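1. What follows is a predicted structure for the sequence shown.
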Amino acid sequence: MGVGASADFKLGRDNGKFVLRISGKVVALAGVGGKLSFELDPAYLDLWLAMLYRAYRDNHYEMPTWITPEAESLLGKFSFLYATVMLSGGLLAARGLEQVDNLFTELAGGQNAGPIAFVMATRDGEYLEQMKEWVQKLTPKALGALLHVLTNTPRGFKAESEIKTAQQAQDFQQIAISKCLEWIVDGVTTGQYGSCRFDMQSSTPDQPAQYLFTKAVARMTVGGESNSSSQLSVSSQPREGYENTIVSGYIDREEKTPYQIGLARLEGFMDRHSSARNPDLIYALRSYSINVERLGSVDCSQTS
């Protein structure tokens, strides 16, 4: 169909439905006058999400010109819900787009950080592989919203008939964050983001996963919008070995970009200690330290 290269096609949201509009130029080439609009079948949202993922990946994770901001926001909510509750596009759309908005608001607000992290930290087998695939395909806004959730204040919750404490919730949230980064890095090794690999010596990012990560970290808010200086609250000192790098929970308050604000929050949360002693946490923190350096050593959040 050739979408993504021009504004001949436009994906939008109209009266609670996804609509594909085709410009008069393309219609004229087909021998038809005027513009055409098609309502999209919700059952095929998986395909549109896959198309959106490829368009983002090939465009340094900038929003494609063929999608309106409203449709991009809603598709980002779909991908967020895919990765957290594992409902298909058809099942989500069957609730109605307004209900999708409401469900996203409920889950992205941070109150459910513990339960979401518990699922991400404990599932295995096919369920885990599906979750991994959808995290790899998140848009920057959706991934930013997910990281926002996972760095919220840990609260006790009930899971599998057991009460989990706030300390246990914190461990699960840290493990889930580590898994997100690990899955993205795995996507690099398996070609999910193209053929190029990490070049840790280069000051110029070449790997699309670096654009995804840094642009997501710059958008760690409920709706995946850009971070603001009012969100910056850093209580931790630089992590050992990172004193002179941008990858640190401590940054100069005089010079801070949205990416630095988000990274400071992320690093500060991962530096927290608990008494829950989750046996998986040691590996998770070590993995996080390696992968955050791979993905975030160069700030390309404002690069297109």
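-> Good, I have the coordinates.

2. what's the following helix or strand after the helix or strand harbouring Leu107?
-> If you go by DSSP states H and E, Leu107 is part of helix 97-108. Downstream of helix 97-108, the first helix or strand assigned by DSSP H and E is helix 113-122.

3. Need the residues that contact the helix or strand Leu128 falls within.
-> For Leu128, the host element (DSSP H and E) is helix 125-136. Outside of helix 125-136, the residues within contact range by CB atoms under 8 Å, 6 or more residues apart in numbering are 79, 82-83, 86, 119-120, 123, 143, 146, 179-180, 183-184, 186-187, 192-193. For glycine as for every other residue, the C-beta is placed from the backbone atoms N, C-alpha and C.

4. Distance from that helix to the middle of the chain?
-> Offset of helix 125-136 from its chain centre (CA atoms, centre = their mean, to the nearest Å): 14 Å.

5. for the helix or strand containing Ser178, which positions count as buried?
-> For Ser178, the host element (DSSP H and E) is helix 166-189. Within helix 166-189, the residues scored as buried using 16 or more other CB atoms under 10 Å are 167-185, 187-188.

6. the inter-axis angle of the helix holding Leu107 versus helix 113-122?
-> 80 degrees (axes from the mean of the first three to the mean of the last three CA atoms, to 10 degrees).

7. helices or strands next to helix 97-108 in the packing?
-> Helix 97-108 makes packing contacts with helix 69-85, helix 89-94, helix 140-150 when contacts are defined by 3 or more CB pairs under 8 Å, 6 or more residues apart in numbering; DSSP states H and E.

8. Which one of those lies nearest to Asn112?
-> Set against Asn112 and scored by CB to CB, these come closest in helix 140-150, at 7.3 Å.

9. low-scoring stretches of the protein, by residue?
-> Filtered on pLDDT under 70, the chain yields the residue ranges 1-13, 15-18, 20-43, 87-96, 198-205, 229-255, 304.

10. Please report how far the spatially most central residue of it lies from Asp186.
-> In the chain, the residue lying closest to the centroid (CA atoms, centre = their mean) is Leu143, at 1.0 Å. Leu143 sits 15 Å away from Asp186, going by CB to CB, to the nearest Å.

11. swap in Glu62?
-> 24 Å.

12. Please apply the same query to Glu293.
-> Distance of Glu293 to Asp186, given as CB to CB: 16 Å.

13. Show me where the stretch 201-304 of the chain has its helices.
-> In the stretch 201-304 of the chain, the helices defined using DSSP state H, counting those that start in this stretch lie at 208-217, 258-270, 281-296.

14. which helices and strands sit right next to the longest one?
-> The reference is to helix 281-296. Packed next to helix 281-296, using 3+ CB pairs under 8 Å, 6+ apart, are helix 166-189, helix 208-217, helix 258-270.
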